[in-house]
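Novice: Attaching a predicted model along with its sequence, questions to come.
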Amino acid sequence: QEPAVSPFAVTPEQDQALRFTVADANGNPLAAGTVIQVTVTGGRLNGPGRFEMEDTQEAAATQFATQFRGEAGAERTQVTIAVTSPNGNREVVLTGRPPAPPEPATLAIVATDSVLVADGTSSTTLYAEVFDGDGNRLPGQTVTFATTAGTIPSTAVTDAAGQAEVTYVSAVRAEGVPEVTVTARAGEVSAATTLRLLGVQLRLAAAVEQLAADGLDQTTLTAVLETYDPLGDHGGDPVPFVPVRFSAPVGTLSAATEPTSIMGEASVRYRGVPSREDPGDVRVRARAAGVEAFVDIRLLGVHLTMSTQRDTIVADGNAQSALYLRLQRSDGVPLTDAPIHLQTTLGSLSAPVVETDAFGDARAILVSGTTTGRAVVTATYGDGDGLQAVASVAMIKGPPASIALVSVDPASIGVRGAGATETAIVTFEVRDAWGNTVADGETIYFALNSGPQSSATGRVGPDSTATVNGRVTAAVTSDTVAGTVQLIAWASSRDAGAGTIHSEPVPIAIHGGHPHQDRFSVAPRPVNLAGRVVYGLESTVTAYVFDRYSNPVPAGTAVHFRTTAGGIQGSALTDADGQAAVTLFTAGPEPVAYDGLAHITAFTQDIDGQQIEAPTTVLFSGPTAAIEVVSGYRPEEEVDGIIRIEDGASRNVVFRVQDDRGNPIMGGSTIRATSDVADLSGDIDVVVPDVRSGHTLYSLTISDPEPNDDNPGVYEVGTVVIRVNSLNGNRQLVITVAVD
């Protein structure tokens, strides 16, 4: 039958019953096999969705029931009843919609506090309550707010109790606001409430209004913030927890901002600047809640003076000069018990800090050091740079007492005509008895002698010279013979009976002749490369080049190289130690001879321009040959080819690891032996050394790991595995063993 009502109301997410009748025109059941299908869009079935009629004439067979639930947020929910029957097919669609939301009918607004301070921080909580026409509270309603002064959120949403909560913050008005209107609106209804903002006034005072301008003297500043009501109903109450900002054009404050206490007070410390002159009045300001106050503080200049007992003393570590200091304000009032810090650039002070007495005076002693120059003494009062006074005392030099070597440049020179530097510049420093450099113009003499057991000769110039800034220099020039010469500097003493003052002998080596055949050699590292297996391996080939006296030849001497196999860099220059190094690369051609050796030759020129040579070799080793057992194991001599280790016994096996031509494999290759049934010792973990020959035979001992066991005659069969890991190629040998 057609539904009695459509559309109908659907409450989202709530179960709703559906009852319907399916019958013929006379109200009788339809034929057996009739199928009734119920579907829902915009929601879901929570009951049966399919019915099938039986063969019956009972009127109750025409009644059906199920339940469904509308989906939250759906604009409509449709229930479709489809009948498929021999009597004829039929379909009915029922449309349901969510119930219309209730409209606000009444709005109320209240404030927790209606009287606030116009300081920009005071606040109160406002509650707006929304009701429908039946007096029910409405949740989820958007309430808009507005105010004539101050700040408030523009919107809020009512909670489950139909209440929207916002916080109102007062405006900053020193004179206050007698009436602030706050309005709330929800839908077509609105309500309003009034607040009152009290004005504020600020007072600022200083505990002391006159300070010494020394950067230390301080005073306490206190700001008091209280309410002000032009209507006279309220006022004079402290305003707590409001930030007060302090500022001063001169001097420093302990804090730029402090909040008022419960008594409406905020305090900071003010400290002036150090100044010799009177800075005058400093206006310190305080500002809070839109109002401002100030106080003037008078700063008086402070004078610090210092004088010396003597202007000149000897730099002997004992001479003294007294320092006199005075500290007072510009109005003549002395500063007592005031600390004055002292520093000096030379010498030492009797104390780093002195304190003024009742007259503002203080005294210290400057003691000379052993360094000459002008001692600058600085007296400082106050923080940072503070107030300063400066005095100076000259500390003078004594006569020459010692001559010390400063430098030799270069430390060694070459024989004349060898192409190296032939002159060394030697610098000495001349000092007095207290370690000070002597004054300019002191005469110093030079002498040159050959070193012990040396035939070397040279020249020095000049014979004498005068000190400049306490120093003198001499030039030593080589001759044609290598060896060592000694330079001595000396001066006449002014003390009676002291004789002469001289330096320690300064040895200067003369070397750096041409290369000599007997002193020319070459050596590679490494000496063994897997060059017949891998191209691109490298060995550093170094030539060692010395002259006939076994000294390194001059740096920059050219050495050339060639090789019979692979490739090599063509030349290099010697360094300060007479060494020149190039790189040898494994490449084609490979060595022709069976020994696998690449022959490298280094050559240069001797003093006569003749070519001299130095040879060496590098082994180009080949592929790793199969591991060969030399002794201790012959498979054909063993039973079933298996080594048997009796209870408590052992067997020594000697094996060979080499390349295809019997040479050792490349250094760094590893040989490791392991067993799953026996103990192994000997060459079981070997790193092959870098050699051209030898080092191809190795041995290991195979032992019973559990001698004197409880089951004699019972053998455990396993293996001994010898593995070779190398750039020449990896190899492995497996030996079967049986251990009792």
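Specialist: Okay, I see it.
Novice: who's residue 200 bridged to?
Specialist: residue 227 (DSSP bridges).
Novice: Please renumber the chain so that the first residue is 10 from this point on.
Specialist: With 10 as the first residue, the last one maps to residue 209.
Novice: my read: it touches residue 299, true?
Specialist: Yes: between residue 209 and residue 299 there is a contact under CB atoms under 8 Å: 7.5 Å. Backbone N, C-alpha and C define where each C-beta goes, glycine included.
Novice: what's the overlap in contacts for the two?
Specialist: 127, 128, 183 (CB atoms under 8 Å, 6 or more residues apart in numbering).
Novice: Throw the residues you listed into TSV and include pLDDT, secondary structure and neighbour count, thanks.
Specialist: As requested, those are exported to TSV (pLDDT from 0 to 100; DSSP: H, G, I helix; E, B strand; the rest coil; neighbours: other CB atoms under 10 Å):
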residue	pLDDT	secondary structure	neighbour count
127	87	coil	27
128	84	strand	27
183	80	coil	15
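Novice: Arrange those residues in a markdown table, one row each, with distance to residue 56 as further columns.
Specialist: Listed next are those as a markdown table, based on distance: CB to CB, whole Å:
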| residue | distance to residue 56 |
| --- | --- |
| 127 | 65 |
| 128 | 65 |
| 183 | 72 |
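Novice: Just name the closest of these to residue 324, please.
Specialist: Checking these against residue 324 by CB to CB gives residue 128 as the nearest, at 69.1 Å.
Novice: Could you tell me how far that closest one is located from residue 180?
Specialist: 9 Å (CB to CB, to the nearest Å).
Novice: next one: residue 648
Specialist: The value you get for residue 648 to residue 180, if CB to CB is used, is 112 Å.
Novice: The two - which one has more neighbours?
Specialist: residue 180 (19 against 8; other CB atoms under 10 Å).
Novice: Show the contacting residues for the more buried one.
Specialist: Applying CB under 8 Å, 6+ apart, the residues near residue 180 are 127, 129, 158, 159, 160, 186, 189, 206.
Novice: Would you confirm that residue 117 belongs to a strand?
Specialist: Yes: counting by DSSP: H, G, I helix; E, B strand; the rest coil, residue 117 is part of a strand.
Novice: Now for it, how many residues are close by?
Specialist: 14.
Novice: cool, residue 398 as well?
Specialist: Neighbours of residue 398 (other CB under 10 Å): 20.
Novice: Wasn't it part of a strand?
Specialist: Yes: Residue 398: assigned to a strand according to three-state DSSP.
Novice: what stretches of this protein score poorly on pLDDT?
Specialist: Applying pLDDT under 70 to the chain flags the ranges 10-15, 239-244, 392-395, 427, 459-465, 503-507.
Novice: ok, back up a step: and residue 209 and residue 299? Which one has more around it.
Specialist: Between residue 209 and residue 299, counted using other CB under 10 Å, the more crowded position is residue 209 (27 against 16).
Novice: separation between the more buried one and residue 266?
Specialist: Taking CB to CB as the measure, residue 209 falls 17 Å from residue 266.
Novice: How about residue 292?
Specialist: Distance, residue 292 to residue 266, using CB to CB: 18 Å.
Novice: How about residue 469?
Specialist: From residue 469 to residue 266 the distance is 77 Å (CB to CB).
Novice: Which of those two has more residues huddled nearby?
Specialist: residue 469 (19 against 13).
Novice: buried set for stretch 388-405?
Specialist: Buried residues in stretch 388-405, counting neighbours by 16 or more other CB atoms under 10 Å, are found at 388-391, 395-398, 400, 402-405.
Novice: Now tabulate those in CSV and tack on distance to residue 170.
Specialist: Shown next, in CSV, are the buried residues of stretch 388-405 (distance: CB to CB, whole Å):
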residue, distance to residue 170
388, 76
389, 71
390, 70
391, 66
395, 67
396, 70
397, 73
398, 78
400, 83
402, 88
403, 92
404, 91
405, 96
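Novice: out of the residues you listed, who's nearest residue 259?
Specialist: Checking those against residue 259 by CB to CB gives residue 391 as the nearest, at 14.4 Å.
Novice: For residue 359, see how far away that closest one is.
Specialist: For residue 391 relative to residue 359 (CB to CB), the value is 22 Å.
Novice: ok, now residue 575?
Specialist: Distance from residue 575 to residue 359, counting by CB to CB: 79 Å.
Novice: got it, and residue 195?
Specialist: On the measure of CB to CB, residue 195 and residue 359 end up 86 Å apart.
Novice: Which one's more surrounded, these two?
Specialist: The neighbour count for residue 195 versus residue 359, taken as other CB under 10 Å, is higher for residue 195 (24 against 14).
Novice: quick one, phi psi at that one?
Specialist: Backbone geometry at residue 195, expressed as degrees, to the nearest 10, gives phi -140, psi 120.
Novice: If it is in a bridge, with which residues?
Specialist: Beta-bridge partners for residue 195, by DSSP bridges, are residue 198.
Novice: Do I have it right that it meets residue 140?
Specialist: No: Residue 195 lies out of contact with residue 140 (CB under 8 Å); the separation is 9.7 Å.
Novice: shared neighbours, the two?
Specialist: What both residue 195 and residue 140 touch, as defined by CB under 8 Å, 6+ apart, is the set 113, 116, 147.
Novice: residues contacting the second one?
Specialist: So that's residue 116. 137, 138, 139, 140, 152, 193, 194, 195, 198, 199, 200.
Novice: The fourth one: neighbouring residues, count only.
Specialist: By the other CB under 10 Å criterion, the neighbourhood of residue 140 contains 19 residues.
Novice: Also the fifth one?
Specialist: Burial of residue 152 is recorded as 27 neighbouring residues (other CB under 10 Å).
Novice: can I assume it sits in a strand?
Specialist: Yes: according to three-state DSSP, the state of residue 152 is that of a strand.
Novice: wait, what's in contact with it?
Specialist: The contact partners of residue 152, taken as CB under 8 Å, 6+ apart, are 116, 137, 139, 164, 165, 166, 167, 173, 193, 194, 195.
Novice: which residues pair with it across the strands?
Specialist: Going by DSSP bridges, residue 152 forms beta bridges with residue 165.
Novice: ditto for the second one
Specialist: The bridge-partner assignment for residue 138, based on DSSP bridges, gives residue 117, residue 172.
Novice: Please identify the buried residues of stretch 624-634?
Specialist: 625, 626, 627, 628, 629, 630, 631, 633, 634.
Novice: tell me the two of these that are most distant?
Specialist: Maximum distance among the buried residues of stretch 624-634 (CB to CB): 26.1 Å, for 625 and 634.
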